[in-house]
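Trainee: Any chance you can model this:
(one chain, ligands or ions: 1)
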Amino acid sequence: MFTQEIEKFIRTKSYPKFSPKAVFFDMDGVLFDSMKHHATAWVKALHNKNLPFTEYEAYMNEGRTGASTIDEIFIKEHGRTATEEEKNDIYQLKSSLFEACGKTEQIPFVYDLLKKVKAEGLQIFVVTGSGQRTLLHSLEENFPGIFSKDKMVTAFDVKYGKPHPEPYLIALKKSGVQPWEAIVIENAPLGVESAHAAGLFTIGVNTGPLKPSALINSGASMVFNDMKELHANWDNIVSSK
Ligand code: MG
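Mentor: I've put the predicted structure just below:
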């Protein structure tokens, strides 16, 4: 059913085949319905420091580490990067505002997809720009039996972060699979850009307010409107190889 997209991927990259052995999941907007809270927290924290920022920009910048997001805004507003002190100050405020938004829910149908992928014997990684200290705990609490500490790439593992290919290249190395043996699931343009630059087959799931074209233009091989749709089509994708 998805033979065309997969053939195009193999041909463009000159890979010998497409044979999924690992699935790399982004976290915010893919596992958790947390992006609306992140967007609110970023806007409030930056406005508090007299820095202009909109929720739409928060979605467009999704995937960057906190430090990199703050640098981007400082370069635009002040023509320089932020100092470590400024970064810590803003990021702490943003984190506390995010926590004040309350508990984040799972993206509907993602646990079903995770269980399906696990049952198929594929490795499951989380690849996120997030630097929450309690990340593994919250993953285990929400998705029991799916994730493990050695199968995570977070803000603590990277120097550049998304949209640089680095986080997905680290995931490839940690998983020991070839680039034609991995599937990435992303909801954000910069996340798709990162995975695409790492040479991986990337599925966009448009869980936010952006146009699907934002994900296609960043390099997604296919885009679904929600996780329910991806879950329903999953078997067709992995069996199209
Ligand atoms: Mg995301």
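
Trainee: check contacts around the residue of the chain found nearest the ion.
Mentor: Across the chain, the shortest distance to the ion (CB to the ion) belongs to Gly29, at 3.7 Å. The C-beta positions use only the backbone N, C-alpha and C, and glycine is treated the same way. Residues near Gly29 by CB atoms under 8 Å, 6 or more residues apart in numbering: 35, 62, 107, 187-188, 205, 207-208.

Trainee: Contact residues of the chain facing the ion?
Mentor: Contacts of the chain with the ion, taken as CB under 5 Å from the ion, map to 26, 28-29, 187-188.

Trainee: Output the lowest mean pLDDT helix or strand found in this protein.
Mentor: The helix or strand of the chain with the poorest confidence is helix 135-142; it has a mean of 89 (mean pLDDT, DSSP states H and E).

Trainee: can you give me the strands for this structure?
Mentor: 22-25, 123-127, 152-153, 182-186, 201-205, 222-224 (DSSP state E).

Trainee: chain center to the last one: distance?
Mentor: Put plainly, it is strand 222-224. Relative to its chain's centre, strand 222-224 lies at 14 Å (CA atoms, centre = their mean, to the nearest Å).

Trainee: contacts for that strand?
Mentor: Residues contacting strand 222-224 (CB under 8 Å, 6+ apart): 2, 5, 203-206, 212, 215-216, 230, 233, 237.

Trainee: can you rerun that using 10 Å?
Mentor: Contacts to strand 222-224, defined as CB atoms under 10 Å, 6 or more residues apart in numbering, come from residues 2, 4-6, 9, 185-187, 192, 201-207, 211-216, 229-234, 237.

Trainee: In helices, which of those fall?
Mentor: If you go by DSSP state H, those have 4-6, 9, 192, 212-216, 229-234, 237 in helices.

Trainee: check contacts around the residue nearest the centre of the chain.
Mentor: Centroid check for the chain by CA atoms, centre = their mean gives Asp26 as the closest residue, at 3.0 Å. Contacts for Asp26 were tallied using CB under 10 Å, 6+ apart; they are 62-63, 126-130, 162, 167-168, 184-188, 191-192, 194-195, 202, 205.

Trainee: quick one: average confidence on the lengthiest helix in the chain?
Mentor: The longest helix of the chain (DSSP H) is helix 84-100. Per-residue pLDDT values across helix 84-100 average out to 95.

Trainee: re earlier: for the contacts of Gly29, which two are the farthest from each other?
Mentor: Using CB to CB, the contacts of Gly29 reach their maximum pairwise distance at Glu62 and Ile107, which is 14.0 Å.

Trainee: Now tell me what touches stretch 71-90 from outside.
Mentor: In contact with stretch 71-90 (CB under 10 Å, 6+ apart) are residues 42, 45-46, 48-53, 57, 61, 64-70, 91.

Trainee: Fine by me, we can end here.
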